[in-house]
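Engineer: what's the 3D shape of this:
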Amino acid sequence: MTANSVFDALEATWPASSLRRLGPWLLRDGKGGGKRVSAATLVGDFDKSTIADAEAAMQSANEPALFQLRPEDQELDAALAERGYTLLDPVTLYSVKLCDVPQTEPPPMTTFSHWPPLGIAKDLWAEGGIDPQRLAVMDRVQGPKCALLARNADRASGVAFVAVDGPTAMLHALEVTPTQRRKGSARHLLQAAAFWAQCQGARDLALAVTTANSAACSLYASFGMKVVGHYHYRQL
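Structural biologist: Predicted coordinates for the structure are as follows:
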């Protein structure tokens, strides 16, 4: 699976409220749903002089000047650094072919797939910083989607969101409550996401995680997921 196919699936399964093309730029209105749905990306030929146009458009929409930088955007990255932009949140993209994942459900009573999200799922997301604006991003997804609720020792322990775009299922917003970490809930959520995605006919499971989250990166690697790409942000 290529990084570009993961980026396409990210766009579909964690969508901005609206998109607008301005010269070589794709501008996003995220309605407060976070950097991924608010950052501008370069989709045409780079022209240093057009950075100001993108900045002005974002600022006129009362949004910070924020860009997402992919590996091919080295020239843009350097130009933004020269303009005083700060590098933020390097992200790693992971994926795994579902045929390489055992097609078994997690142990009974450890996970539950459902939609719309139950109140306890929303509470767990809120505890992890997933606010109503990010829940609204989930609501905007048009394809197959579900919330996954994990349980451990008769307690709700974690939550995740998974959605399908063509052959790719994307896992988002995996959160485990602090008192239940390192007890298997995150792996059960991964297993549940893979099983649900297989049932939807997806061929790959992918996700994006902050590179600094070493515990999560180790978990995904142990699940057989491979690094397929990276990106980061710059904000003025």
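
Engineer: tell me where this protein has helices.
Structural biologist: For the chain, the helices defined by DSSP state H occupy 3-13, 51-60, 74-82, 119-127, 132-140, 185-199, 214-222.

Engineer: which one, of those, ends up nearest to Pro102?
Structural biologist: helix 185-199 (8.2 Å; Cβ to Cβ). In this view, the C-beta of every residue, glycine as well, is placed from N, C-alpha and C.

Engineer: list the helices and strands the closest one packs on?
Structural biologist: Here helix 185-199 touches strand 111-114, strand 145-152, strand 155-165, strand 168-176, strand 204-210, helix 214-222, going by 3 or more Cβ pairs under 8 Å, 6 or more residues apart in numbering; DSSP states H and E.

Engineer: rerun at 7 Å
Structural biologist: strand 111-114, strand 145-152, strand 155-165, strand 168-176, strand 204-210 (3 or more Cβ pairs under 7 Å, 6 or more residues apart in numbering; DSSP states H and E).

Engineer: tell me the buried residues in the first one?
Structural biologist: Right, the one you point to is strand 111-114. Using 16 or more other Cβ atoms under 10 Å as the test for burial, strand 111-114 gives Thr111, Phe112, Ser113.

Engineer: outside of that strand, which residues touch it?
Structural biologist: Residues outside strand 111-114 that contact it (Cβ atoms under 7 Å, 6 or more residues apart in numbering): Cys146, Ala147, Leu148, Leu149, Ala150, His188, Leu189, Ala192, Trp196.

Engineer: run a quick neighbour tally on the closest residue to the second one other than its chain neighbours.
Structural biologist: Closest residue to Ala147 apart from its sequence neighbours, by Cβ to Cβ, 6 or more residues apart in numbering: Pro117 at 4.2 Å. Under the neighbour criterion other Cβ atoms under 10 Å, Pro117 is assigned a count of 20.

Engineer: surely Thr168 is in contact with Ala202?
Structural biologist: Yes - counting by Cβ atoms under 7 Å, Thr168 does reach Ala202; the two are 6.2 Å apart.

Engineer: what's the pLDDT at the nearest residue to Ala65 once chain neighbours are set aside?
Structural biologist: Nearest residue to Ala65 in three dimensions, chain neighbours excluded: Leu236, at 4.0 Å (Cβ to Cβ, 6+ apart). Leu236 carries a pLDDT value of 91.

Engineer: switch the helices and strands packed on helix 185-199 over to JSON lines; also include distance to Ala61 and mean pLDDT.
Structural biologist: JSON lines is the format used below for the helices and strands packed on helix 185-199 (distance: least, Cβ to Cβ, whole Å; pLDDT from 0 to 100):
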{"stretch": "strand 111-114", "distance to Ala61": "35", "mean pLDDT": "97"}
{"stretch": "strand 145-152", "distance to Ala61": "27", "mean pLDDT": "97"}
{"stretch": "strand 155-165", "distance to Ala61": "26", "mean pLDDT": "97"}
{"stretch": "strand 168-176", "distance to Ala61": "24", "mean pLDDT": "98"}
{"stretch": "strand 204-210", "distance to Ala61": "24", "mean pLDDT": "98"}
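
Engineer: distance of the residue in the chain sticking out farthest from the centre relative to Pro24?
Structural biologist: No residue in the chain sits farther from the centre than Ser49, which is 30.5 Å out by Cα atoms, centre = their mean. Counting by Cβ to Cβ, to the nearest Å, the gap from Ser49 to Pro24 is 11 Å.
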